[in-house]
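K.L.:
Here is a sequence with its predicted model. Questions after.
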Amino acid sequence: GQSLEQPSEVTAVEGAIVQINCTYQTSGFYGLSWYQQHDGGAPTFLSYNALDGLEETGRFSSFLSRSDSYGYLLLQELQMKDSASYFCAVTGYGGATNKLIFGTGTLLAVQP
Amino acid sequence: NAGVTQTPKFQVLKTGQSMTLQCAQDMNHNSMYWYRQDPGMGLRLIYYSASEGTTDKGEVPNGYNVSRLNKREFSLRLESAAPSQTSVYFCASSEEPADSDTQYFGPGTRLTVL
C-alpha cells in the first residue's frame, strides 16, 4: 500500500519561512505533488517533483529525496493569505491514468 | 473558461435516498476523477476515468457508481445513501499524458446524509 505522513498543524509568522514535511511509504511512484486548499475550497496545484532535488516556483519551493522517502514544501516570505491546508500527494501507477494518493494535510496558520 | 464545475453545491439526503452529482470540464482533458474528503483528512479517490467510455475503481468505490457521459462530463451516483457517505465530494480533471500530473479541481459538493 501507499501512505503519506504530514504534520497536522504548523504555525508561523508573517514574513517568515516555513517548511512542511512529507514522508511516504510507497512501492513506486512517478512524482510528488503539493496542493493548497483554502478553508474547504477547491485544492489547487502548487508544485511537482518528478526527480530528486529542489523545484522553485516564486515564493514556493518543493524538494524530493527518493532515497530518503521524503519531501518538503518550503514557503518563503509568508503572507496571511498563505494560511491554508497543504497536501502532498504521490502519483501512483494507475494503469491507463495516473492516480493521486494524498496525505492527510497540514494546516498552516500564519500569524501577524 | 469555467474550468471544472460541479452541481449541486450543497445537498441533504435521507438514508436510502439516491442522487447524482454532476461534473463537467471545459479544458478538453481526457482524465476525470471523483474524490471524497472527510473532516481533517486528505482526499480519497472514489472512481476515475482515463477516457470517454472507461471507468475504474479508486480507493473507496463501495456505495458509488459513475458514468463518463462524454469527454466533458463525469457523474457520480449514490444509489442508496448512508450517513457514512456524508462528505465533501470533489471532481477533478487532468490532461493525459501529463508530466506534471496537475489535476484541476471543482469547487466541491457538500453532502449530508441524515
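P.N.:
Arrived safely. In this text, all values refer to a predicted model and were calculated from it rather than measured experimentally.
K.L.:
So in chain A, where's the weakest helix or strand by average pLDDT?
P.N.:
strand A:99-102 (a mean of 83; mean pLDDT, DSSP states H and E).
K.L.:
Tell me if that one is near chain B.
P.N.:
Yes - with C-beta under 8 Å from any C-beta of the partner chain as the measure, strand A:99-102 is seen reaching chain B through A:99, A:100, A:101, A:102. Backbone N, C-alpha and C define where each C-beta goes, glycine included.
K.L.:
give the contact list for residue B:87.
P.N.:
Listed by C-beta atoms under 8 Å, 6 or more residues apart in numbering or on different chains, the contact partners of residue B:87 are B:36, B:37, B:38, B:111.
K.L.:
what's the answer for residue B:90, then?
P.N.:
So residue B:90 contacts A:42, A:43, B:6, B:34, B:35, B:36, B:37, B:43, B:105, B:106, B:108 (C-beta under 8 Å, 6+ apart).
K.L.:
Swap in 10 Å and give it another go.
P.N.:
Contact analysis of residue B:90 by C-beta atoms under 10 Å, 6 or more residues apart in numbering or on different chains lists A:37, A:41-43, B:4, B:6, B:21, B:23, B:33-37, B:43, B:46, B:103, B:105-109.
K.L.:
sorry, back to before: highest neighbour count among the contacts of residue B:87?
P.N.:
When neighbours are counted by other C-beta atoms under 10 Å in any protein chain shown, residue B:36 leads the contacts of residue B:87 with 23 neighbours.
K.L.:
Which strand residues bridge that one?
P.N.:
For residue B:36, the beta-bridge partners under DSSP bridges are residue B:44, residue B:89.
K.L.:
Below-threshold pLDDT in the chain: ranges please.
P.N.:
Just so you know, I chose chain A. A:1, A:27, A:93-98 (pLDDT under 70).
K.L.:
Not quite, go with chain B.
P.N.:
In chain B (pLDDT under 70), the answer is B:96-101.
K.L.:
Swap in 80 and give it another go.
P.N.:
B:1, B:40-41, B:96-101 (pLDDT under 80).
K.L.:
residue boundaries of the strands in it?
P.N.:
Ranges of strands in chain B, per DSSP state E, are B:4-7, B:10-13, B:19-25, B:31-37, B:43-49, B:56-57, B:64-68, B:74-78, B:87-94, B:104-105, B:109-113.
K.L.:
re earlier: what is the nearest of the residues of strand A:99-102 next to chain B to residue B:51?
P.N.:
Distance to residue B:51, by C-beta to C-beta, is smallest for residue A:99 among the residues of strand A:99-102 next to chain B, at 14.6 Å.
K.L.:
what's the spacing between residue B:88 and residue A:57?
P.N.:
As judged by C-beta to C-beta, to the nearest Å, residue B:88 and residue A:57 stand 27 Å apart.
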